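**Q** Build me a structure from this.
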Amino acid sequence: LPRGTLDAEVRELAEGCLANVDPALLANMATDDVARDMDLVRAALGEEEITYLGASYGTLLGATYATLFPDRVRHMALDAPVDPARWQL
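**A** The predicted structure is shown next:
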């Protein structure tokens with residue numbers, strides 16, 4: 001897709017989310033929030049550490065988790081390096 005078309009589609013998706021999802025929920029859907037949710041799942045399962053395979057967005061999510069909770073990672077494989085600043089472009 002041309003960049004302009006992709007930008008328009010992303011904008012339409014974001015506007016649809018804003019119109020149909022509680023803003024309080026949207027404010028808690030950043031990658032670091034998802035990583036914290038992953039840690040809650042880890043704890044609920046009674047695991048001390050996680051083993052994680054991350055692909056695409058999961059690469060950024062895994063790197064965020066490992067940054068926030070380095071002592072809770074047993075093994076982690078990420079499919080490619082992701083620049084968090086460029087991810088949002």
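**Q** how about the CA coordinates for the helix ranked longest in the chain, as CSV?
**A** When the chain is parsed with DSSP state H, its longest helix is helix 3-20. Provided in CSV are the C-alpha atoms of helix 3-20 (Å, rounded to 0.1, in the frame of the first residue of the first chain):
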residue,chain,number,x,y,z
ARG,A,3,2.1,5.4,2.6
GLY,A,4,-0.8,7.9,2.2
THR,A,5,-3.3,5.0,2.0
LEU,A,6,-1.8,3.2,4.9
ASP,A,7,-1.8,6.4,7.0
ALA,A,8,-5.5,7.0,6.2
GLU,A,9,-6.4,3.4,7.1
VAL,A,10,-4.6,3.7,10.4
ARG,A,11,-6.3,7.0,11.2
GLU,A,12,-9.7,5.5,10.4
LEU,A,13,-8.9,2.5,12.7
ALA,A,14,-7.8,4.8,15.5
GLU,A,15,-10.9,7.0,15.2
GLY,A,16,-13.1,3.9,15.3
CYS,A,17,-11.3,2.8,18.5
LEU,A,18,-11.8,6.2,20.1
ALA,A,19,-15.5,6.2,19.2
ASN,A,20,-16.2,2.7,20.4
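**Q** in what helix or strand does residue 47 lie?
**A** Under DSSP states H and E, no helix or strand contains residue 47.
**Q** ok, back up a step: show me how far the longest helix of the chain is from its chain's centre.
**A** Mean-position distance between helix 3-20 and its chain equals 19 Å (CA atoms, centre = their mean, to the nearest Å).
**Q** now the following helix or strand past that helix: mean pLDDT?
**A** Scanning forward in sequence from helix 3-20 by DSSP H and E, the next helix or strand is helix 23-26. Taken as a whole, helix 23-26 carries a mean pLDDT of 83.
**Q** Report the buried residues of the helix or strand following helix 23-26.
**A** Downstream of helix 23-26, the next assigned helix or strand under DSSP H and E is helix 31-44. When neighbours are counted by 16 or more other CB atoms under 10 Å, the buried residues of helix 31-44 are found to be 31, 34-35, 38, 42. For the C-beta atoms, the positions are set from N, CA and C on the backbone; glycine is no exception.
**Q** What ranges in this structure fall below the confidence cut-off?
**A** The model of the chain has pLDDT under 70 over residues 87-89.
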